[in-house]
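Colleague: Sequence plus the predicted model coming up.
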Number of protein chains: 2
Amino acid sequence: MSAPVYTRVALIGLGLIASSMFWAMKRGGLAGEVTGFAKSGASRETARRIGLCDRVCDSVAEAVADADLVVLCVPVGAMGAVAKEIAPHLKVGATVTDVGSVKRDVIDTVGPHLPEGVHFVPAHPLAGTEHSGPESGFAELFDNRWCLLVPVEDSDPDAVAKLRALWEGMGANVDEMDADHHDLVLAVTSHTPHLIAYTMVGVADDLRRVTDSEVIKYSAAGFRDFTRIAASDPTMWRDVFLTNKDATLEILGRFTEELFALQRAIRTGDGEHLHEYFTRTREIRRGIIEAGQDTAAPNFGREAPKA
Amino acid sequence: MSAPVYTRVALIGLGLIASSMFWAMKRGGLAGEVTGFAKSGASRETARRIGLCDRVCDSVAEAVADADLVVLCVPVGAMGAVAKEIAPHLKVGATVTDVGSVKRDVIDTVGPHLPEGVHFVPAHPLAGTEHSGPESGFAELFDNRWCLLVPVEDSDPDAVAKLRALWEGMGANVDEMDADHHDLVLAVTSHTPHLIAYTMVGVADDLRRVTDSEVIKYSAAGFRDFTRIAASDPTMWRDVFLTNKDATLEILGRFTEELFALQRAIRTGDGEHLHEYFTRTREIRRGIIEAGQDTAAPNFGREAPKA
């Protein structure tokens, strides 16, 4: 095991991403000491009970004191307030980063609070599950997943390089990207798909009152995959949509345009259009499997649940 | 092992469902002899090579001759033509069933072709994967999944009971339902989700020309789940939408209504509405896991693909 990348790391917010980072840093010996803080007393207690963080602090000031790296792992809508709160307690030369799913908004709300002499390197690991909270993390979450670094104009190259080393040490592949491009790409690959899944599950929920439990009982026909995505953390996702409004609305606009075209093909019985469309989309799946971002096993290789 | 349910079974069409039925019938000793026919010579050859069916026939007439049960496993749009072709060769007292995803249309197009003395018991196993063709089948596909029987007005109760025994022997739970209700429930749990997934993947495909391979590379953020569904067989799905037009368009209408309401909440910054909506949908996931129709493991328990 090589020397730690950072002597002291502070995790602010102790949900799925922070807890996975802790276990991944421990696995790789990447940090000397990891402190942690969560606003909720219950989360801090859980963290202490399961050994999450070397030291769980009862104030954010205590957690960031003397930290070389501070990682903001709170919902995007809370980033600005947390940045303001930690600012007076940051060590000169420290790096502040985050794991938010939206980057322009985080840069605009966090950046202005950070004092001279503190580096700011926004980041976004593209990894997660439908679970949340301090007990949902695991060391392998970032293995072979992408982490996007979104350096700001005056990000120090050494600070960027060090953060890259941390993410690579936690198993991730690292790319750099500018904030607006990030927000558009994520609107396509993540934000709009989540909104659509939430919508479809909401529709089914309304109908459930009509069809009793049939929607749940017969979900294996396709619907259940939507429910996994739509089970993600509500606060996190509310903030994503509120802060990546423009890109999400743009992609949603394209989505409804295409949906209306397919709807029209169904109404007019245009089988050729449907067949051509469905053939094209099949190719993309192949690309994702070849890129190592999913399994080729049928149904994601999940076991048939026992009766 | 008990006595076979049927002495001779004929599978017409040799894709995912038919091949899984063959292996499941073998596993359970449910059929004396299973014959098979596929329109494509290549599929028949593959079937012979991998030992799919006890006897692969080069004509549909030969396959159904003397069969006690004939299972139509072709796309819904081809059911009527196949029924017409097999009709003169059916044994008196035989049962004809199918595995189509739409039931009203199959009843309307198949029923009129079947001669006196032949029983018709439409069915629909709610199981599948994104793979297709004779090599995609496996014996466990129906384990703990639902199979819906949709008896027509004059379906013989003994014929229905026998078909139920076959499906139960292949591992499925069996329910009975009328055709119109079936088509509406499936429009919610399967047809509309598939159309939406196809649409989202199509939008991403358009954008890929702008963002190069980023959509694929960064798909783990949610998008990849949609691509699995959108990789399903194009011909099968074209036929589903063309033949379950009314119910699909009705559910699509509700979907766009809800989507517009969420879109409006994003535009106006109504975080409360979004949070409330996302909290409600989370419950449904819990119901599906408790009903034994999916795994509670994060990300469906899939392994991180190796680099």
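Modeller: The structure has been received and is ready for your questions. Residues are numbered from 1 along each chain as shown, chains lettered A, B, ... in the order given.

Colleague: Quick one: the helices in the stretch 101-250 of chain A, in order.
Modeller: A:104-110, A:157-169, A:179-186, A:192-211, A:214-217, A:223-229, A:234-243, A:245-268 (DSSP state H, counting those that start in this stretch).

Colleague: Could you report the neighbour count for A:Thr268?
Modeller: 10 (other CB atoms under 10 Å in any protein chain shown). Quick note: C-beta positions are derived from backbone N, CA and C, even for glycine.

Colleague: Give the next helix or strand downstream of the strand or helix carrying A:Arg44.
Modeller: Assigned by DSSP states H and E, A:Arg44 belongs to helix A:41-50. Where DSSP H and E defines the elements, the next helix or strand beyond helix A:41-50 is strand A:55-56.

Colleague: What helix or strand is A:Val96 located in?
Modeller: Judged by DSSP H and E, A:Val96 forms part of strand A:95-98.

Colleague: got the contact list for that strand?
Modeller: Identification of contacts with strand A:95-98 by CB atoms under 8 Å, 6 or more residues apart in numbering or on different chains yields A:68-73, A:79, A:83, A:86, A:90, A:106, A:110, A:114, A:118-124, A:159, A:162-163.

Colleague: Pairing partners for it, with directions?
Modeller: strand A:69-72 (parallel), strand A:119-120 (parallel) (DSSP bridges).

Colleague: As CSV, could you dump the C-alpha coordinates of the first one?
Modeller: C-alpha atoms of strand A:69-72 as CSV (Å, rounded to 0.1, in the frame of the first residue of the first chain):
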residue,chain,number,x,y,z
LEU,A,69,-9.6,17.8,1.5
VAL,A,70,-13.2,18.7,2.3
VAL,A,71,-15.9,16.8,0.3
LEU,A,72,-19.4,18.2,0.2
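
Colleague: how about the very next helix or strand once past that strand, does it get close to chain B?
Modeller: Later in the chain than strand A:69-72, the nearest helix or strand by DSSP H and E is helix A:79-86. No - contact between helix A:79-86 and chain B is absent, the nearest approach being 14.8 Å (criterion: CB under 8 Å from any CB of the partner chain).

Colleague: sorry, back to before: kindly reformat the strands paired with strand A:95-98 as a markdown table and extend each row with mean pLDDT and mean neighbour count.
Modeller: Shown next, in a markdown table, are the strands paired with strand A:95-98 (pLDDT from 0 to 100; neighbours: other CB atoms under 10 Å in any protein chain shown):
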| stretch | mean pLDDT | mean neighbour count |
| --- | --- | --- |
| strand A:69-72 | 98 | 25 |
| strand A:119-120 | 97 | 22 |
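
Colleague: Figure out which of those is closest to B:Leu274.
Modeller: Minimum separation from B:Leu274 across these (CB to CB) falls at strand A:69-72, 21.7 Å.

Colleague: Out of the helices of the stretch 101-250 of chain A, which is the most enclosed?
Modeller: Counting by mean count of other CB atoms under 10 Å in any protein chain shown, helix A:223-229 has the highest mean neighbour count of those, with a mean of 26.

Colleague: shaky segments in chain A?
Modeller: A:1-2, A:208-212, A:302-307 (pLDDT under 70).

Colleague: Tell me how it divides into domains.
Modeller: A:6-177, A:181-301 (automatic domain parsing).

Colleague: From the opening residue of the first one to its closing one, how far?
Modeller: The distance separating the two terminal residues of domain A:6-177, taken as CA to CA, to the nearest Å, comes to 24 Å.

Colleague: What of the shortest one?
Modeller: Distance between the boundary residues of domain A:181-301 (CA to CA) amounts to 33 Å.

Colleague: Report the distance from that domain to the chain centre.
Modeller: 18 Å (CA atoms, centre = their mean, to the nearest Å).

Colleague: hang on, the earlier thing: now do the buried residues in the helix holding A:Arg44.
Modeller: The neighbour-count check on helix A:41-50 (16 or more other CB atoms under 10 Å in any protein chain shown) flags A:43-44, A:46-47 as buried.

Colleague: Run through who's touching it.
Modeller: Contacts of helix A:41-50 (CB under 8 Å, 6+ apart): A:14, A:19, A:36-38, A:52-53, A:56, A:58, A:133-135.
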